[in-house]
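Asker: A predicted structure for the sequence below; I have some questions about it.
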Amino acid sequence: HAWGYSAENGPEKWVTKLPHRRWVPASPPSTIVPADASYDAGLKPLCLKYDAKDCIDILNNGHSFQVTILTEGLQTDPISGVYRLKQFHFHWGGAERSWLRLHLVHWNTKYPSFGEAASKSDGLAVVGVFLKVNRAENAQLQKVLDTFDAIKTKGTQTTFPGFDPTTLLPGCLDYWTYDGSLTTPPLLESVTWIVCKETISVSPAQMASFRALQFSGAGEAACCMVDNYRPPQPLKGRAVKASFQ
Ligand SMILES: NS(=O)(=O)c1ncc[nH]1
Ligand SMILES: [Zn+2]
């Protein structure tokens, strides 16, 4: 049966066929990067270019919600080549763990499609941004939250035109980068993780909106969408490089 985040079908049950390198812990930036992160002068600035006209819709897929994009975006240099934004989504904690993470999922356009790229070691690049719960409301993020009534339950979606994902990025794009895997099944080991040092803010009320979404489908017993994240996994000796000193 389908994977999820419950005791029955959650991360402990995600049996992976291949020996997977684990993705590096994505916990609050203060702890995400082990002290052994090393500055790499060869890393160039993260250059994210998206076009608002390419945002098309927003979907509750039963694990998170994702905004699907038509065309490209990312050009950056921990990883040479042009990566195209495919979708972005979030992960967040439950009441006692008020944090959120934004993942902008890109695929390497040297491959014909996301599906092809997803199985290649240089196929995917996910930009991770941490959201910190502060007093300030995030007006850009609110545009995403305003669709939540229409995507409350699994399988619902609505149009979401004209949103520019760069408006969700922090001002400073210093980042850490390391090789890892998708954090959801099939946990493919094809992700170059690019995690921004700087966070963006979200208000407590906005945080509550995320938790009003449901894993469950309409007509099913309501199950709030919280803790939809994979617990941190060990670095397993992989180097984490920093684009900043
Ligand atoms: N959470 S993640 O960014 O690793 C991901 N994207 C697509 C599937 N899983
Ligand atoms: Zn994710």
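Answerer: On my side now, so go ahead. Ligands and ions are numbered 1, 2, ... in the order given.
Asker: rest of the way, CA atoms for contacts and neighbours
Answerer: Noted.
Asker: Residue of this protein nearest ligand 1, please.
Answerer: Using Cα to the nearest ligand atom, the closest approach of the chain to ligand 1 is made by residue 182 at 3.3 Å.
Asker: Can you name the residues that contact that residue?
Answerer: By Cα atoms under 8 Å, 6 or more residues apart in numbering, the contact list for residue 182 reads 23, 188-191.
Asker: tell me which residues of the helix or strand encompassing residue 144 are tucked away?
Answerer: Residue 144 is part of helix 139-145 when elements are defined by DSSP states H and E. Using 16 or more other Cα atoms under 10 Å as the test for burial, helix 139-145 gives 140-141.
Asker: count of neighbours near the closest residue to residue 93 other than its chain neighbours?
Answerer: Distances taken as Cα to Cα, 6 or more residues apart in numbering place residue 227 nearest to residue 93, at 4.2 Å, with adjacent residues excluded. Using other Cα atoms under 10 Å, residue 227 is surrounded by 21 other residues.
Asker: same thing with residue 42?
Answerer: A count of nearby residues for residue 42, using other Cα under 10 Å, gives 11.
Asker: part of a strand, is it?
Answerer: No - counting by DSSP: H, G, I helix; E, B strand; the rest coil, residue 42 is not part of a strand but coil.
Asker: how close does the spatially most central residue of the chain get to residue 90?
Answerer: Among the residues of the chain, the one closest to the centroid is residue 103, at 1.7 Å (Cα atoms, centre = their mean). The gap separating residue 103 from residue 90 is 6 Å, by Cα to Cα, to the nearest Å.
Asker: what bridges to residue 133?
Answerer: In this entry, residue 133 is beta-bridged to residue 202, by DSSP bridges.
Asker: That one: neighbour count?
Answerer: By other Cα under 10 Å, the residues close to residue 133 number 19.
Asker: Enumerate every residue touching it.
Answerer: With contact taken as Cα under 8 Å, 6+ apart, residue 133 is in contact with 98-99, 201-204, 207.
Asker: can you rerun that using 10 Å?
Answerer: Contacts for residue 133 (Cα atoms under 10 Å, 6 or more residues apart in numbering) come out as 98-100, 199-207.
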